[in-house]
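A.B. asks: Show me how the following folds:
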Amino acid sequence: MRFLTDYTAVEFPKLGWKFDVYANLVEFTIPGWDIDVTIRFYGVIIAFGFILAVLFGGRMAYKWKMDLNKMIDVLLYGTVAGIIGARLYYVIFEWDSYKDNLLSVFKIWEGGLAIYGGIIGGILAAYFVCKKNGLNFLKLLDLFGMSVLIGQGIGRWGNFTNQEAFGTNTDLPWGMWSEKVADYINVNYATLSANGIDMDASSPVHPTFLYESVWCLLGFLILYIVCKRFRKFDGQLILGYGVIYGLERTVVEGLRTDSLYIAHTNIRVSQILSLLIAVLCLAITIAKFVQLHRRNVYKVNEYKEKKNADN
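C.D. replies: Numbering: from 1, shown residues only. Coordinates of the predicted model:
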């Protein structure tokens, strides 16, 4: 076993900060198999975020008196379906890169997973498992809405270790630069230009991983407070997640340089989808509260009428 020493020097020029960021943690060979294995910080960070999300979700499920054995089924099937969905979503919108080599579709270790595909796949699997096992699907989604923000908030730091998923050039104080960033811009300059993105490889870029991490963790705190004090109906928290994450992704996706686009257009898929999700979830939330208010008013009037009749 050997620890790797290769690193990328990441700079925040206007802040005067410079860090050595390691992409790989350790490398070893499996005895008898002659197979080299590399453990990357990206995977470790993603796993850490996933574990914290699962632990939090399990704790909340226990408090809400949900069957933990049935929840494990949801976790297992949802995770597998989430990975499949994340890959399919990415491949669909990058089909030109895979159509001539279909076997590469299965090489997920080379990268190419989209969060929205993962969410869609995971939710679909959860729905069928809940239906089969008699779990409250909306209550499960509320747990998911809070838990996934933990995973996303932590997991985005994996993008930092890989120096990927960054944004366009910026003059803001926290602008980030590294050789990996510059190499990516130089290699993909023509593609970026074709998508209407003018980049300078020598200038700092938006650390969009940081924007999303902070937004998601603050979003988790908001939903947790809502859960404790203001939760009025099942499904409220997942709608809140849709609004919070949808707004975040609408803004941040517009800054990123690695977006998926609708074929032959400059329309970013995730940006449009995020905006639709945010608007739809907000509209449903408002409609639900209006419905609850009318129901409460009706009950109050009914009570007054009954009391007057008794007098």
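A.B. asks: any weak-confidence spans in the stretch 151-300 of the chain?
C.D. replies: For the stretch 151-300 of the chain, no stretch is flagged by pLDDT under 70.
A.B. asks: ditto for the stretch 1-150 of the chain
C.D. replies: 1-6, 27-30, 32-35, 37, 109-111.
A.B. asks: if you go through it in chain order, where are the helices?
C.D. replies: 41-63, 68-93, 115-133, 137-155 (DSSP state H, counting those that start in this stretch).
A.B. asks: Can you tell me which of the ones you listed is most buried?
C.D. replies: Comparing the helices of the stretch 1-150 of the chain by mean neighbour count (mean count of other Cβ atoms under 10 Å), helix 137-155 comes out on top with a mean of 23. Backbone N, C-alpha and C define where each C-beta goes, glycine included.
A.B. asks: Check the offset of whichever helix or strand comes after that helix from the chain's centre.
C.D. replies: Downstream of helix 137-155, the next assigned helix or strand under DSSP states H and E is helix 157-162. Remark: helix 157-162 is offset 14 Å from the chain centroid, using Cα atoms, centre = their mean, to the nearest Å.
A.B. asks: For helix 157-162, which helices and strands make contact with it?
C.D. replies: helix 41-63, helix 208-225 (3 or more Cβ pairs under 8 Å, 6 or more residues apart in numbering; DSSP states H and E).
A.B. asks: Mind checking those helices for the one nearest to A9?
C.D. replies: Nearest to A9 among the helices and strands packed on helix 157-162 is helix 41-63 (15.6 Å), distances taken as Cβ to Cβ.
A.B. asks: what's next to that closest one, contact-wise?
C.D. replies: If you take Cβ atoms under 8 Å, 6 or more residues apart in numbering as the criterion, helix 41-63 is touched by 22-25, 68, 71, 75, 143-144, 146-148, 150-155, 157-159, 161-162, 227.
A.B. asks: now do stretch 154-164
C.D. replies: With Cβ under 8 Å, 6+ apart, stretch 154-164 has contacts from 8, 10, 21-23, 40-43, 45-46, 48-50, 52, 165-166, 178, 180-181, 184, 207, 209-210, 212-213, 216-217, 258.
A.B. asks: Try it again at 6 Å.
C.D. replies: Here stretch 154-164 makes contact (Cβ atoms under 6 Å, 6 or more residues apart in numbering) with 8, 21, 23, 41-42, 45-46, 49, 165, 178, 180-181, 209, 212-213.
A.B. asks: just stretch 231-245 next, same as before
C.D. replies: Against stretch 231-245 from outside (Cβ under 6 Å, 6+ apart): 138-139, 141-142, 145-146, 219, 223, 227, 277-278, 281-282, 284-285.
A.B. asks: How about stretch 275-292?
C.D. replies: Contacts for stretch 275-292 (Cβ under 6 Å, 6+ apart): L239, G242, V243, G246, L247, T250.
A.B. asks: quick one: secondary structure of the last one?
C.D. replies: Translated: T250. Here T250 is helix, with the state taken from DSSP: H, G, I helix; E, B strand; the rest coil.
A.B. asks: Let me see the contact set for it.
C.D. replies: T250 neighbours (Cβ under 6 Å, 6+ apart): Q271, S274, L275.
A.B. asks: most neighbours, which of the residues you listed?
C.D. replies: The most crowded member of these, judged by other Cβ atoms under 10 Å, is S274 (23 neighbours).
A.B. asks: pretty sure it contacts L247?
C.D. replies: No - S274 sits out of contact with L247 when judged by Cβ atoms under 6 Å, with a separation of 7.5 Å.
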